[in-house]
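Trainee: Let's see this in three dimensions:
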Amino acid sequence: MRLVLAPSLALLLGCAHEAPAPTSVASLKAAIQQNLAQFGQALTRGDAAAIANLFREDAQYIPGSQKGRVEGRAAIVALFQQRLAAARYLDVVITTVSLGMDGDLAYETGTNKLTRQTGDAAPVTTTGRYLTVWHHDPDGQWRIQVDMVVVDPP
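Mentor: Below you'll find the predicted structure:
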């Protein structure tokens with residue numbers, strides 16, 4: 001009886017843990033690239049909720065163009081709703097420069113190039129850099145825990 005119970009208990013305990021993180025940087029990179037593509041598509045669609053869903057519920061967003069930070073998914077939705085009401089994003093290019101992981105956390109640095117238009121004004125393209133900390137959630141998805149953007153000087 002003891003031998004049968006031990007494997008059953010081990011099986012139950014094993015199922016209760018979080019989904020394992022990808023075992024390779026290559027699989028992590030594929031997941032992050034998919035998330036970055038979703039971010040860019042949501043930005044050009046003007047979909048603040050889809051952008052915020054890439055963030056964890058307790059995430060922090062540190063914008064490069066203003067003081068302070070934005071905390072929590074609800075506040076991140078509000079920030080992007082405000083930004084998307086002010087301008088249309090016509091093109092978004094996000095490029096990963098470096099990527100590393102340790103367990104259920106990963107870090108990514110990269111560059112971005114955003115083209116946006118305010119009203120009837122001519123489109124404006126800006127570039128920048130970013131540092132993102134990703135968290136591998138229990139549902140198997142990588143979501144943003146902390147995102148910091150730095151806008152390049154003109």
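Trainee: Now do the longest helix along the chain, average pLDDT.
Mentor: Using DSSP state H to define each element, the chain has its longest helix at helix 25-45. For helix 25-45, mean pLDDT rounds to 96.
Trainee: and after it, which helix or strand comes next?
Mentor: helix 48-52 (DSSP states H and E).
Trainee: that older thread, from the chain's centroid, how far away is the longest helix of the chain?
Mentor: Centroid separation for helix 25-45 versus its chain: 8 Å, with CA atoms, centre = their mean, to the nearest Å.
Trainee: cool, and stretch 45-53?
Mentor: Per CA atoms, centre = their mean, the centroid offset for stretch 45-53 relative to its chain is 12 Å.
Trainee: For it, list the C-alpha coordinates in PDB.
Mentor: Output in PDB follows, covering the C-alpha atoms of stretch 45-53 (Å, rounded to 0.1, in the frame of the first residue of the first chain):
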ATOM      1  CA  ARG A  45      -5.100  48.400 -34.100                       C
ATOM      2  CA  GLY A  46      -5.500  50.800 -31.200                       C
ATOM      3  CA  ASP A  47      -6.400  48.000 -28.800                       C
ATOM      4  CA  ALA A  48      -5.300  49.000 -25.300                       C
ATOM      5  CA  ALA A  49      -6.900  46.000 -23.600                       C
ATOM      6  CA  ALA A  50      -4.900  43.600 -25.800                       C
ATOM      7  CA  ILE A  51      -1.700  45.400 -25.000                       C
ATOM      8  CA  ALA A  52      -2.400  45.300 -21.300                       C
ATOM      9  CA  ASN A  53      -3.200  41.600 -21.400                       C
END
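Trainee: Nice, that's everything, thank you.
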